[in-house]
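Participant: Got a predicted model here, sequence first, then my questions.
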Amino acid sequence: MVKVRQDAWSHEDDLLLAETVLRHIREGSTQLRAFDEVGDKLNRTSAACGFRWNAEIRKKYISAIDLAKRQRKEKKRAQAQLEKRGMVMALPEPEAEFSEAGSLVLEPAAEETEAVVQPAAISLDHVIHYLRTLKKQTAVSGQSAKKLSRLEEENSRLQDQLQSLDAELSETKKQLETIQEDYNTFIRIMERARKLTVLDDDRTAAQPAFRMDQNGNLEQVIHQTN
């Protein structure tokens, strides 16, 4: 069957790809085989799965990849110890690698059929839980990034308003200074005019007035003020 699927990757597709690659790493298999397996399940090409893993998913599972590599080393170490003891490890099928508890089961040789060796292995449930937790953390991180972006935009808008208000305040101060100077000039002019008026009144009051009486004599006229 020709693989022609080219629609967008869903979250479930990404999760399947991540779980499959991590499982192949733990088994000591290659990522190419993991891409082939996912491609068969999703009707996609192996190249498309590889590109999706390397471009989008791999960087989100750095810790899980390191953990899977450690599991692979522990598995190899346990297998080597069993071989030294003359035991044979029963390799499970790809789809039945884990027991119900999620641990890798090793079967001894025929003469020791009652012994079951279970080296330390990560539980598949733990991996799924880890991936789901990582998804939640990624969602929260995305929300925080959006909130931070909105706050930065709001801060930029407030900065622009502040600059505009500073310019208006500076212009208002200049206008106020001009008005104050005009007012002071007006006050000086009024004060000078008042002094001139008082001086003219004093001069008028200081000049005596005379009139001639019936006998032809001059007498000073006394001005009476009300």
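Facilitator: Great, that's in hand.
Participant: all contacts plus neighbour counts: C-alpha atoms, from now on.
Facilitator: Noted.
Participant: got any ranges where the protein has weak pLDDT?
Facilitator: 1-4, 86-123, 200-210, 216, 218, 220-226 (pLDDT under 70).
Participant: tally of neighbours for T197?
Facilitator: T197 has 11 neighbours, counted by other Cα atoms under 10 Å.
Participant: Can you give me the distance of it to T185?
Facilitator: 19 Å (Cα to Cα, to the nearest Å).
Participant: and what of G50?
Facilitator: 85 Å.
Participant: higher neighbour count, those two?
Facilitator: Neighbour count, other Cα under 10 Å: between G50 and T185, G50 has more, with 21 against 12.
Participant: If we go by neighbour counts, what in stretch 157-174 is buried?
Facilitator: The neighbour-count check on stretch 157-174 (16 or more other Cα atoms under 10 Å) flags nothing as buried.
Participant: And that stretch, how far out from the chain middle?
Facilitator: Offset of stretch 157-174 from its chain centre (Cα atoms, centre = their mean, to the nearest Å): 29 Å.
Participant: go on, stretch 151-167?
Facilitator: Offset of stretch 151-167 from its chain centre (Cα atoms, centre = their mean): 19 Å.
Participant: repeat for stretch 193-201
Facilitator: 75 Å.
Participant: change the start of the numbering to 126 and stick with it
Facilitator: Yes, from this point I'll number from 126; that puts the last item at stretch 318-326.
Participant: How about residues contacting that stretch?
Facilitator: Stretch 318-326 has contacts (Cα atoms under 8 Å, 6 or more residues apart in numbering) with no other residue.
Participant: Show me which parts of it are buried, residue by residue.
Facilitator: Per 16+ other Cα under 10 Å, stretch 318-326 contains no buried residues.
Participant: Only alpha carbons, please: show it as CSV.
Facilitator: Presented in CSV, the C-alpha positions along stretch 318-326 are these (Å, rounded to 0.1, in the frame of the first residue of the first chain):
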residue,chain,number,x,y,z
ALA,A,318,1.6,104.4,35.0
ARG,A,319,0.4,104.6,38.6
LYS,A,320,3.5,106.4,39.7
LEU,A,321,3.2,108.9,36.8
THR,A,322,-0.4,109.6,37.7
VAL,A,323,0.5,110.2,41.4
LEU,A,324,3.3,112.5,40.4
ASP,A,325,1.0,114.6,38.2
ASP,A,326,-1.5,114.9,41.0
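Participant: list the contacts for the most centrally placed residue in the chain?
Facilitator: Among the residues of the chain, the one closest to the centroid is A270, at 3.0 Å (Cα atoms, centre = their mean). If you count contacts by Cα under 8 Å, 6+ apart, A270 has none.
Participant: Okay, it and D132: tell me how far apart.
Facilitator: Look at A270 and D132: by Cα to Cα, they are 27 Å apart.
Participant: List the buried residues of stretch 149-164.
Facilitator: Neighbour-count burial for stretch 149-164 flags H149, I150, R151, E152, G153, Q156, A159, F160, D161, E162, V163, G164 (criterion: 16+ other Cα under 10 Å).
Participant: Before I go, just wanted to say thanks for your time.
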